[in-house]
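1. Model the structure of this input:
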Amino acid sequence: MCTLFFFIMKSVISAYDQRFWILCLSSFFYFLSFNLIIPQLPEILSDLGGAKFKGLIIGLFALSAMSTRPFSGKLIEMVGRKPLITTGVIISTFVCVLYPFTGYFPFIGGVAGFLFLRFLHGFSAGCTPTGTTAYVADIVPPERRGEAMGILGMANNLGMSLGPAIGGEVAIQAGNPYMFGTAAFFSFVTIIALVRLPETHKFTHRFRWSFLKLKWADVFEPRVALQGALMVLSVASFGAVLTLIPDYCDSLGIKRRGLFFSVLTGTSLMIRFTGGRWSDIRGREYVMSIGLILLLVADLMLILFHNTTVFYLSAAVFGMATGLNSPTIFAWVIDKSDPKAMGRAISTLFICLEFGIILGSVIPAAIYQNTYSRLPLAFLFPLVLSVVSVILLAWNNRMRKMSS
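-> Okay, here's the model as predicted:
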């Protein structure tokens, strides 16, 4: 068994070049930094007097990331992949350094200052993951695209899994300023990892401000409309989880809020590689349908049950759904995109991702109203969207079969 495992791993490692593995390492540190602070943010905002704005912690971040995507999608094709990746990491490092000063200096103080930094932090997410996805698409074999997205997702999820646990522990042991300092350190390490990466896009230009002028064609890629719709509907659940799980933990008397996210992303980490490869073999739609059904089940678990055991089981089911859906849908979009407009297709998918997270964070938070008894009602909204996503995919499969 061990011999078979090492044979498989050797085969996988040799299938990709050094650039891919360096990119995975840098992406790991980026997501570690970025998720390290998540569990403590609702408490910090509440201490500043902004408890009623908890939905904006994720919503504003997603809004700024979404507004950045059309520009990053265009710039990826004009100035290259690496500059976009690096720009996002620099923004993330800068903002992590500023977070501890919220409340101390007038120009970034209080609730407004905290929310402004969350908005600014979102620009990082609008650049780095978009550039990273395009870079991977440039360098991996098409027949292993799902697997490659799964491996990159594993690196991201390992960072996401460790981040909340590390951040929560540092905050408990040393305080929030040290937690933000740790996040800034890991973000800086990302920059070091990126230094050795060469540019992969052949037709790059020196940046000009005119590149920031957008047409509608630069914003939306119609070839991936179905995938975009599925992304919106499915990630709304993740937006609700990011926003409400810290309070769900409080309602259950759970101190370590990051543990739910560690279970979710750890489970996702374990399934992403096989999920991505499975989609290469069985097809994107087949694997996606299973992931969407699992997502629906996870939403139901948080609505129907309110105990610690089911709470952590739901995190595992969320993780399985994410581990199947994420590499599958990204590979599917690259399959459908025009090679000359890959940046726009990837940007379109990320715009849909951020829009779904905004829906899933702001609307459930408004329903919740900081009242524990309303948590099941708040998760009813993402449940409805999950049901719609299953119906939409089934309808598309039926239409495709009828036309063939």
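2. Which residue ranges of the stretch 301-404 of the chain form helices?
-> 308-336, 342-368, 375-378, 380-403 (DSSP state H, counting those that start in this stretch).
3. Can you list the buried residues in the third one?
-> Neighbour counts over helix 375-378 (16 or more other C-beta atoms under 10 Å) mark 375, 378 as buried. The C-beta positions use only the backbone N, C-alpha and C, and glycine is treated the same way.
4. ok, back up a step: of the helices of the stretch 301-404 of the chain, which is nearest Gly291?
-> helix 308-336 (3.4 Å; C-beta to C-beta).
5. list the buried ones in that closest one?
-> By neighbour count on 16+ other C-beta under 10 Å, the buried set for helix 308-336 is 311-312, 314-335.
6. what's the answer for stretch 45-52, then?
-> 45-46, 48, 50.
7. helix, strand or coil for the residue nearest to Tyr312 when sequence neighbours are not counted?
-> In space, Tyr312 comes closest to Val263 once its chain neighbours are excluded; the distance is 5.5 Å by C-beta to C-beta, 6 or more residues apart in numbering. Here Val263 is recorded as helix under DSSP: H, G, I helix; E, B strand; the rest coil.
8. Count the neighbours of Val263 for me.
-> 20 (other C-beta atoms under 10 Å).
9. pretty sure it contacts Met320?
-> No. Applying C-beta atoms under 8 Å as the test, Val263 and Met320 come out as separate, 11.0 Å apart.
10. Which element, helix or strand, includes Gln200?
-> Actually, residue 200 is Thr rather than Gln. Assigned by DSSP states H and E, Thr200 belongs to neither a helix nor a strand.
11. Just want to check the distance between it and Thr102.
-> 38 Å (C-beta to C-beta, to the nearest Å).
12. More neighbours: which of these two?
-> Neighbour count, other C-beta under 10 Å: between Thr200 and Thr102, Thr102 has more, with 23 against 17.
13. Was I right to think the more buried one contacts Phe116?
-> No. Taking contacts as C-beta under 8 Å, Thr102 lies outside contact range of Phe116: 9.0 Å.
14. Could you list the residues in contact with stretch 143-154?
-> 12, 15-16, 20, 23-24, 27, 132-133, 136-137, 140, 268-269, 272-280, 284, 323, 326-328, 330-331, 334-335 (C-beta atoms under 8 Å, 6 or more residues apart in numbering).
15. no no, stretch 52-64
-> By C-beta under 8 Å, 6+ apart, stretch 52-64 touches 41-42, 45-46, 111, 115, 118-123, 125-126, 239, 242-243, 247, 354-355, 357-358, 361-362, 364-366, 370.
16. are any of those buried, and which?
-> 41-42, 45-46, 111, 115, 118-123, 125-126, 239, 242-243, 247, 354-355, 357-358, 361-362, 364-365.
17. Surely Thr328 and Ser279 touch.
-> Yes. Contact criterion C-beta under 8 Å: Thr328 and Ser279 qualify, at 4.2 Å.
18. anything in contact with each of those two?
-> 146, 287-288.
19. residues contacting the residue nearest to Tyr312?
-> Applying C-beta under 8 Å, 6+ apart, the residues contacting Val263 are 312, 315-316, 319.
20. go with 6 Å
-> 312, 315-316 (C-beta atoms under 6 Å, 6 or more residues apart in numbering).
21. do the same with Leu302
-> 314, 379.
22. give me the low-pLDDT residue ranges for the stretch 201-350 of the chain?
-> Low-confidence segments of the stretch 201-350 of the chain, defined by pLDDT under 70: 204, 210-211, 216-218.
23. Give me the contacts around stretch 78-85.
-> So stretch 78-85 is contacted by 72, 75-76, 127-128, 131-132, 134-135, 197, 199-201, 204-205, 207, 211 (C-beta under 6 Å, 6+ apart).
24. Show the buried residues in these.
-> 72, 75-76, 127-128, 131-132, 134-135, 197, 200-201, 204, 211.
25. farthest-separated two in these?
-> Maximum distance among the buried ones among the contacts of stretch 78-85 (C-beta to C-beta): 21.6 Å, for Leu197 and Phe211.
26. secondary structure element for Pro177?
-> helix 176-194.
27. Can you spell out which helices and strands pack onto that helix?
-> Contacts defined by 3 or more C-beta pairs under 6 Å, 6 or more residues apart in numbering; DSSP states H and E place helix 176-194 against helix 18-36, helix 81-98, helix 145-174.
28. Switch the ones you listed over to CSV; also include mean pLDDT and distance to Arg374.
-> Converted to CSV, the helices and strands packed on helix 176-194 look like this (pLDDT from 0 to 100; distance: least, C-beta to C-beta, whole Å):
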stretch, mean pLDDT, distance to Arg374
helix 18-36, 90, 26
helix 81-98, 90, 32
helix 145-174, 84, 24
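29. Redo those as JSON lines? Include distance to Thr68.
-> Formatted as JSON lines, the helices and strands packed on helix 176-194 follow (distance: least, C-beta to C-beta, whole Å):
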{"stretch": "helix 18-36", "distance to Thr68": "15"}
{"stretch": "helix 81-98", "distance to Thr68": "9"}
{"stretch": "helix 145-174", "distance to Thr68": "18"}
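30. Pipe the ones you listed into CSV and attach mean neighbour count and distance to Ser403 per row.
-> CSV is the format used below for these (neighbours: other C-beta atoms under 10 Å; distance: least, C-beta to C-beta, whole Å):
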stretch, mean neighbour count, distance to Ser403
helix 18-36, 22, 37
helix 81-98, 22, 36
helix 145-174, 23, 24
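31. what's around the closest residue to Asn157 other than its chain neighbours, how many residues?
-> Among residues not flanking Asn157 along the chain, Leu269 sits closest, at 4.1 Å (C-beta to C-beta, 6+ apart). By other C-beta under 10 Å, 22 other residues sit near Leu269.
32. for Leu269, what are its contacts?
-> With C-beta under 6 Å, 6+ apart, Leu269 has these contacts: 154, 157-158, 161.
33. how distant is stretch 330-338 from the center of its chain?
-> Chain-centre distance of stretch 330-338: 18 Å, with C-alpha atoms, centre = their mean, to the nearest Å.
34. what does it contact?
-> In contact with stretch 330-338 (C-beta under 6 Å, 6+ apart) are residues 137, 145-146, 149, 223-224, 227, 284, 345, 349.
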